[in-house]
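Chemist: Turn this into a model:
(one chain, ligands or ions: 1)
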Amino acid sequence: MISAMSDAADPFARAEASAATLGKLTGVSRFDAAVVLGSGWMAAAEAIGACEQEIPLADLGGFPLPTVAGHTPAVRYLVKGDLRVLLFLGRVHMYEGNPPASVVHGVRTAIAAGCRTVVLTNAAGGIRAGYEVGQPVLISDHLNLTGRSPLAGPPPPDRYPSRFTDLTEAYSARLRALAREEDPTLAEGVYAALPGPHYETPAEIRMLRGLGADLVGMSTALETIAARHLGAEVLAISLVTNPAAGLAAAPLDHAEVLAAARSCAARIGALLSALLPRL
Ligand code: 8IG
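Modeler: You can find the predicted model right below:
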């Protein structure tokens, strides 16, 4: 007998349930854009806009609780211009032991709640020569080196698009152009997503550079894939918080990464604040 997936096993149904709960708790039935704040970007949260409401992710169901320092498990509702924005204060990662479906649950919930635009932020190591610590970089494309996909497993339910998602323009050229209108100095780069949680060896960084990577991190790629599968437009921005391994004298340190991110909170907050009403 071919049995239907139970709702508990179906990550799409779980996201719909979380979106319905979000609607009930906020009294807002549809949202327009979602922003996911990565490591250090939380310091920019206040600068992004006044919070109407803050909902603990634990109240929405389906969210594993993050374990990494600098991540707060809550989602804020903000209004920017005509747009109703969901601001996720932090994310969960594969390196915390989460399966890909859990890593992308926030993005799927936001899209189930109506969001057609997803803005993903992260902290990353800089590979490309000339990148400076504290510099935001628009992600133009990615190398998914996690070996995983949020679309692996049983096929999506019939009401969803095919799992064979086109990723030709994973990161919207239109949204990148809008961001560069706000800040013409913004660089663009290719983001390599690795499983982590360890940083790379210098040999791995040389390999990644050869593969065409400009940035390296441990997030974002799976969320982008999940968002594109559901037809949302994606803008992603890395904050370079350290030179990748072997490119600087000192070894990599998580506390330094967070400090570097905090020191440019005003700039990245202002960028997102100006950008959001235009999405
Ligand atoms: I912040 O250098 C940050 N996240 N994989 N490598 C990887 N992830 C990172 C790095 C880095 N810096």
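Chemist: residue ranges with poor pLDDT in the stretch 51-200 of the chain?
Modeler: 66-72 (pLDDT under 70).
Chemist: now the strands for it?
Modeler: Taking DSSP state E, counting those that start in this stretch, the strands of the stretch 51-200 of the chain run over residues 51-56, 74-80, 83-89, 117-126, 136-144, 187-193.
Chemist: and of these, who's closest to the ligand?
Modeler: strand 117-126 (2.3 Å; CB to the nearest ligand atom). Using the backbone N, CA and C atoms, a C-beta is placed for each residue, glycine as well.
Chemist: Quick one: check that closest one for contact with the ligand.
Modeler: Yes: Strand 117-126 comes into contact with the ligand (CB under 6 Å from any ligand atom), by way of Ala123, Ala124, Gly125.
Chemist: and the first one, what is it in contact with?
Modeler: The reference is to Ala123. Shown in contact with Ala123 (CB atoms under 8 Å, 6 or more residues apart in numbering): 38-41, 217, 238-241, 257-258, 260-261.
Chemist: give me that answer again for 10 Å
Modeler: Shown in contact with Ala123 (CB atoms under 10 Å, 6 or more residues apart in numbering): 38-41, 70, 215, 217-219, 238-242, 254, 257-258, 260-261.
Chemist: and those near the ligand, which?
Modeler: Filtering the contacts of Ala123 for proximity to the ligand by CB under 6 Å from any ligand atom leaves Ser39, Gly217, Met218, Thr241, Asn242, Val257.
Chemist: Double-check Glu52 against Leu25; I have them as touching.
Modeler: No: contact status for Glu52 versus Leu25: not in contact, 11.9 Å apart, counting by CB atoms under 10 Å.
Chemist: shared neighbours, the two?
Modeler: With CB under 10 Å, 6+ apart as the test, Glu52 and Leu25 both reach Tyr77.
Chemist: Please enumerate residues in contact with stretch 147-157?
Modeler: 4-5, 9-13, 16, 94, 99-105, 107-108, 160-165, 193-195, 221-230.
Chemist: hmm, try it at 6 Å
Modeler: Under the contact criterion CB atoms under 6 Å, 6 or more residues apart in numbering, stretch 147-157 has outside partners Met5, Phe12, Pro100, Val104, Arg163, Leu222, Ile225, Ala226, His229.
Chemist: Mark which of the residues you listed are buried, thanks.
Modeler: Phe12, Pro100, Val104, Leu222, Ile225, Ala226, His229 (16 or more other CB atoms under 10 Å).
Chemist: what's the spacing between the second one and Asp82?
Modeler: Here the distance between Pro100 and Asp82 works out to 33 Å (CB to CB, to the nearest Å).
Chemist: what do you get for the third one?
Modeler: As for Val104, its distance to Asp82 is 27 Å (criterion: CB to CB).
Chemist: Next: the first one.
Modeler: In this structure, Phe12 lies at 28 Å from Asp82, with CB to CB as the measure.
Chemist: repeat for the fifth one
Modeler: The span separating Ile225 from Asp82 equals 29 Å under the rule CB to CB.
Chemist: And the last one, by the same measure?
Modeler: Distance of His229 to Asp82, given as CB to CB: 27 Å.
Chemist: any idea which residue sits dead centre in the protein?
Modeler: Geometric centre of the chain, nearest residue: Leu120, 3.2 Å, by CA atoms, centre = their mean.
Chemist: which SS state does the residue lying closest to that residue once chain neighbours are set aside fall under?
Modeler: Spatial nearest neighbour of Leu120, excluding adjacent residues (CB to CB, 6 or more residues apart in numbering): Ala236 at 4.2 Å. Classification of Ala236 using DSSP: H, G, I helix; E, B strand; the rest coil returns strand.
Chemist: and what of Asn242?
Modeler: strand.
Chemist: what's around it, how many residues?
Modeler: Counted with other CB atoms under 10 Å, the neighbours of Asn242 add up to 22.
Chemist: For the residue nearest to Leu120, report the pLDDT, please.
Modeler: With respect to pLDDT, Ala236 has a value of 97.
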